[in-house]
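Asker: 3D model of this:
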Amino acid sequence: MAAHIERLVTTGQFSLDGGTWDVDNNVWLVGDDHEVVVIDAAHDAETIVRAVGDRHLAAIVCTHAHNDHVNAAPALADRTGAVIWLHPDDLPLWKLTHPDRAPDRHLADGQVIEVAGIDLTVLHTPGHAPGAVCLHEPGLGVVFTGDTLFTGGPGATGRSYSHFPTIIDSIRDRLLTLPPETKVLTGHGDPTTIGAEAPHLQEWIERGH
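Answerer: Residues are numbered from 1 along each chain as shown. Alright, predicted model coming up:
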């Protein structure tokens, strides 16, 4: 079977700055019947292991290091032997959740992660977190945005390590320049498209101020 995308939804908690919130996270599996990449190992390593099945797990890619996106990553890596990738600017956030286990590899802007005949290109999109990244796959017509861009606007920037003007710059310069038909697969909630979100940039800027 050709490369395709699978979505899992896992449930747990997001904690930062002394607060805790119940959240549902999207866990994305990208690959074919033989190998796969997991984007954001959230909450439930066992469920992700079952979804991977007997396929080779080539990588665990973290769009950023908030606990709800990385809390299952070490357990998943231990079960499968996969390497964990994270942008180094998010190491301070990572250490809040996993002080005794470092990621295995560092993501870099422009890097290409190959799996099942497709190329996931890393776009560094800081703002929600310093090391936030998105993953663009033009062949499939998708971009995985983590918590940088959602249906209806940018990810939250009201907590530590986040910055509203920076996320606006990231979205304008790195995401809204993608083809308008590009499907936006988010870290939480339903997908959208670049074309659906692009007209609202000025509204978000005004709302953010």
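
Asker: Now do L135 against E46, distance only.
Answerer: Look at L135 and E46: by C-beta to C-beta, to the nearest Å, they are 24 Å apart. (Each C-beta comes from the backbone N, C-alpha and C, glycine too.)

Asker: which of those two has more neighbours?
Answerer: L135 (25 against 11; other C-beta atoms under 10 Å).

Asker: For that one, which residues are in contact?
Answerer: By C-beta atoms under 8 Å, 6 or more residues apart in numbering, the contact set of L135 is 39, 61, 63, 113, 120-123, 143-144.

Asker: That one: what secondary structure?
Answerer: Three-state assignment for L135 (DSSP: H, G, I helix; E, B strand; the rest coil): strand.

Asker: same thing with V36?
Answerer: Of the three states, V36 takes strand according to three-state DSSP.

Asker: how about the strands in the chain?
Answerer: With strands called from DSSP state E, the chain shows them at 4-16, 19-31, 35-39, 56-61, 84-86, 105-106, 112-115, 118-124, 133-137, 142-146, 149-150, 153-154, 183-186, 192-193.

Asker: With distance to E206 and mean pLDDT as added columns, please give the ones you listed in a markdown table.
Answerer: Formatted as a markdown table, these follow (distance: least, C-beta to C-beta, whole Å; pLDDT from 0 to 100):
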| stretch | distance to E206 | mean pLDDT |
| --- | --- | --- |
| strand 4-16 | 26 | 98 |
| strand 19-31 | 26 | 98 |
| strand 35-39 | 31 | 98 |
| strand 56-61 | 33 | 98 |
| strand 84-86 | 33 | 98 |
| strand 105-106 | 36 | 98 |
| strand 112-115 | 36 | 97 |
| strand 118-124 | 25 | 98 |
| strand 133-137 | 24 | 99 |
| strand 142-146 | 22 | 98 |
| strand 149-150 | 17 | 98 |
| strand 153-154 | 12 | 98 |
| strand 183-186 | 22 | 98 |
| strand 192-193 | 20 | 98 |
